[in-house]
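Q: Sequence and computational prediction follow.
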Amino acid sequence: MNVAVVGTGYVGLVTGACFSDTGNHVTCIDNHAKKIEMLRQGHIPIYEPGLAELVRRNVTSGRIEFTTDLPAGVRQAEIVFLAVGTPQSADGSADLSAIWAVADEIAPHLQPDAIVVTKSTVPVGTNEKLRERLQKRTGRDVDVASNPEFLKEGAAIEDFTRPDRVVVGVRRAAVAEQLHKLYKPFLRTDHPFLVMSPESAELTKYVANALLATKISFINQMANVCEYFRADINDVRRGIGHDRRIGFAFLFPGVGYGGSCFPKDVRAMVGTFQEAGIDPRLLESVDWVNERQKDVIPQKIREHFGELRGKTIAVWGLAFKPKTDDIREAPALVLIDQLLQGGARVQAHDPEAMPNVKQLYGDRVALFQKPMEALDQADALAIMTEWSEFRTPDFRQIARRLRQKVIFDGRNLYDLDAMHEAGFVYYSIGRPTVKST
Ligand SMILES: NC(=O)c1ccc[n+]([C@@H]2O[C@H](COP(=O)([O-])OP(=O)(O)OC[C@H]3O[C@@H](n4cnc5c(N)ncnc54)[C@H](O)[C@@H]3O)[C@@H](O)[C@H]2O)c1
């Protein structure tokens, strides 16, 4: 098929690369000229495992190309995916300006039977508004489908090519059939292709993210209560997780969720509740708990040291989660801001996100290529992202390099007994503090 993908970010580039890899011809379009230029020269503007190789393979075989020319990019397309950003606007709702701008620009250039598919996360009712808008601008009925994306950054290609499910929201069965053909190579293990109305599909995405965010805020609150009573959230997790109604997935306490999706999607869903006249207190609390959770490690550091001025804190992990370079709403940024405000010096390392942090903070944060180098002359280590390389470090080297043997672990990576034996003061989330002497 001839496919166009508008928006070449985390979702659009993965979508384009994966569809080209199954033999389609894909044109990826973005209005960010520098990004398109980089892609044309074979450079991948984001870090996502396996993506560079996948893109290069399909560029070489001529199945994927990149352009900033939106009209030319969609002119031949049978299916046009919209994968532009839908960030949070000032009032908390989803900012759909990129969706409308693209819709207006592509309308005169669409093939008569082209299908326009929203892959961006958009509030319920958007696909219908998009259909009306395209109808007005083209003077004919245009097929619009909702196809929310469930990929996770860090495992995006795996998620896209082996999806738990594919959801499409359509008004006509023939549109679902076209999309099914496109997705069929990824559904060989019998994972379901679920056809529903656009409204149900739009809500499915928000409900999924709202529930996942709720699980995180829930376990974080439980962790905080464990801490007060010197209980261990890991034991409580085991105690509840074996109940098959509860399970273990997505119930890890930490420093709060970040990233480009959960925070904005939960807030947009609050707006959807209000629009429906339903009290949004549940999701407002999820958001509120999460914002407070981002303050837990900074608070522990303040309490431990009293005065931050003159202290140096090493930070391991800056991305909002492992295996990505994405720092949007990352809890590590809240920590860095508070440390800098308090007059502390920050020495940080992240395997992939340092260029993005450098762009944001310039020289205000000292960045180190090796995690151990970030520890020299630091008064403590704070761990904010659970990259696998932080899981089994050489604790003797950590002890040697730090000025004081203090670790603030926002991801519960280490064993309490081992920390005690190694002589660390060790703070984690929802577990008793180890105060070795
Ligand atoms: N990142 C994720 O993990 C994820 C997962 C599922 C769904 N989503 C949703 O997918 C959408 C895209 O997310 P993302 O993370 O890929 O965002 P992103 O910011 O990485 O990419 C969006 C791209 O759209 C481009 N763009 C913006 N306006 C444009 C315009 N008018 N014309 C052409 N290009 C334009 C931007 O330059 C950018 O490259 C969002 O709605 C998001 O909520 C994201």
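A: Great, that's in hand.

Q: For the host helix or strand of residue 263, name the packing helices and strands.
A: For residue 263, the host element (DSSP states H and E) is helix 262-275. Using 3 or more C-beta pairs under 8 Å, 6 or more residues apart in numbering; DSSP states H and E, the elements in contact with helix 262-275 are helix 198-228, helix 281-293. C-betas here are computed from N, CA, C, even on glycine.

Q: What helices and strands are in contact with the shortest one?
A: Spelled out, it's helix 281-293. helix 198-228, helix 262-275.

Q: Please see if the helix holding residue 263 touches the ligand.
A: No - remark: helix 262-275 sits outside contact range of the ligand, by C-beta under 6 Å from any ligand atom, the gap being at least 6.7 Å.

Q: what's the offset of that helix from the middle of its chain?
A: Remark: helix 262-275 is offset 17 Å from the chain centroid, using C-alpha atoms, centre = their mean, to the nearest Å.

Q: So which bits of it are buried?
A: Using 16 or more other C-beta atoms under 10 Å as the test for burial, helix 262-275 gives 262-273.

Q: cool, stretch 70-80 as well?
A: For stretch 70-80, a neighbour-count test (16+ other C-beta under 10 Å) marks 70, 73-75, 77-80 as buried.

Q: For it, give the mean pLDDT please.
A: For stretch 70-80, mean pLDDT is 98.

Q: Off-centre distance for that stretch?
A: Put simply, stretch 70-80 sits 28 Å off its chain's centre (C-alpha atoms, centre = their mean).

Q: and for it, what are the contacting residues?
A: For stretch 70-80, contacts defined as C-beta atoms under 8 Å, 6 or more residues apart in numbering pick out 1-6, 27-29, 31, 67, 102, 105-106, 108-111, 113-117, 178-179, 182.

Q: With stretch 162-178 instead?
A: Residues outside stretch 162-178 that contact it (C-beta under 8 Å, 6+ apart): 78-79, 115, 127, 131, 143-148, 150-151, 179-180, 183, 186-187, 189, 191-202, 204-205.

Q: what about 6 Å?
A: Stretch 162-178 is contacted from outside by 115, 143, 145-148, 179, 183, 191-198, 201, 204, using C-beta atoms under 6 Å, 6 or more residues apart in numbering.

Q: so which of the residues you listed also contact the ligand?
A: Of these, not one also sits near the ligand (C-beta under 6 Å from any ligand atom).

Q: Buried only: go through the residues you listed for me.
A: Among the contacts of stretch 162-178, the ones that count as buried by 16+ other C-beta under 10 Å are 115, 143, 145-148, 179, 183, 193, 195-196, 198, 201, 204.

Q: from the protein, which residue is nearest to the ligand?
A: Nearest residue of the chain to the ligand: residue 9, at 1.8 Å (C-beta to the nearest ligand atom).

Q: Up against the ligand, what does the stretch 51-200 of the chain have?
A: Residues of the stretch 51-200 of the chain that fall close to the ligand, judged by C-beta under 6 Å from any ligand atom: 83-86, 98, 101-102, 120-121, 149, 151, 153.

Q: circling back: right, so the helices and strands packed on helix 262-275: which one is the most enclosed?
A: Mean neighbours per residue, mean count of other C-beta atoms under 10 Å, is largest over these for helix 198-228, with a mean of 19.

Q: which residues does the residue nearest in space to the middle of the chain contact?
A: The chain has residue 259 as the residue nearest its centroid, 4.0 Å off, counting by C-alpha atoms, centre = their mean. Neighbouring residues of residue 259 by C-beta under 6 Å, 6+ apart: 320, 328.

Q: Much appreciated, bye for now.
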